[in-house]
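**Q** Predicted structure and sequence below. I'll ask about it afterward.
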Amino acid sequence: MASFKEMLKYLRVRDNLSQAELADKLGVAKSTISMYEVGKREPDFETLEAIADFFNVDMNFLLGKDGSENDHYYLNDETREIAQEVFENPDMRTLFKVARDIPPERLKAHIEFMKSLKEQENKHNDEGC
């Protein structure tokens, strides 16, 4: 099950925010966000509530307690691994939002398509067009 620090970073990165940007929006120091994300500090209840409200998520979700019996968002382990690869690649993450129950083969096909689009874009940029 995900922890608060993992969920905070996930939500921040999902929304393409830097630690400084999130800190500014929440009215805390950038170092506070950094300490939250490395697990050296945890927010008080009011700050936790503000973070949940900002990201429009339930506090249980923010704490990694989604109420389901499954420890992962994705129902299929292979799909989860592929989605993690996408999440960690900023170019793909901005292009792609996956569904919870997408079959792994469909997800792989979408990823390959996105990779080919990015390769075409890079080739186009390298040629100076």
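**A** Received, thanks.
**Q** Going by C-alpha atoms from here, please, whenever you check contacts or count neighbours.
**A** Noted.
**Q** I'd like to know which elements the host helix or strand of residue 87 is packed against.
**A** Under the criterion of DSSP states H and E, residue 87 resides in helix 77-88. Judged by 3 or more Cα pairs under 8 Å, 6 or more residues apart in numbering; DSSP states H and E, the packing partners of helix 77-88 are helix 90-95, helix 104-126.
**Q** Mean neighbour count for those - can I get that in a markdown table?
**A** Below are those laid out as a markdown table (neighbours: other Cα atoms under 10 Å):
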| stretch | mean neighbour count |
| --- | --- |
| helix 90-95 | 14 |
| helix 104-126 | 13 |
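**Q** Any chance of a markdown table for those helices, columns distance to residue 32?
**A** Below are these laid out as a markdown table (distance: least, Cα to Cα, whole Å):
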| stretch | distance to residue 32 |
| --- | --- |
| helix 90-95 | 24 |
| helix 104-126 | 35 |
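**Q** Show me how the record splits this structure into domains.
**A** 4-62, 77-126 (automatic domain parsing).
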